[in-house]
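> Test case, fold it:
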Amino acid sequence: MATALWWFWNLLAYIREGYEWLERTLAQERHKSITDAARAKALYRAGQLANYLGDEYAQRKSELWQESLELNKKLGDKVGCVHTLIFLA
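All right, here's what the predicted structure looks like:
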């Protein structure tokens, strides 16, 4: 659900709120069952929001995208890999 709300946060400029929700969701889900595909998408979206927040989030966005890329590679999700690599570049 947090990943689906990315569009809402992005379009209405609730960037910080969205980023914080995704980070909390990702932190909680490490201890629960979540599919790798859902986690990869959440990491990707959190990275996008971190990107919009500016330079102070530069390190974190790279970490989020790197983890997303690794999961997408593991899943064989070529589209997910390409989307993530675009932002990592």
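> could you give the mean pLDDT of the strand or helix carrying Ala27?
Element membership of Ala27 [criterion: DSSP states H and E] is helix 15-29. The average of the pLDDT scores along helix 15-29 is 88.
> So which residues make contact with that helix?
2-3, 5-6, 8-10, 39, 42-43, 45-46, 49-50, 52-53, 57 (C-beta atoms under 8 Å, 6 or more residues apart in numbering). (C-beta placed from N, C-alpha, C; glycine too.)
> Report the distance from that helix to the chain centre.
Chain-centre distance of helix 15-29: 9 Å, with C-alpha atoms, centre = their mean, to the nearest Å.
> Name the residues of stretch 55-64 that come out as buried.
In terms of neighbour count (16 or more other C-beta atoms under 10 Å), stretch 55-64 has its buried residues at Tyr57, Arg60, Lys61, Leu64.
> Now find how far off-centre that stretch is within its chain.
Distance, centroid of stretch 55-64 to centroid of chain: 11 Å (C-alpha atoms, centre = their mean).
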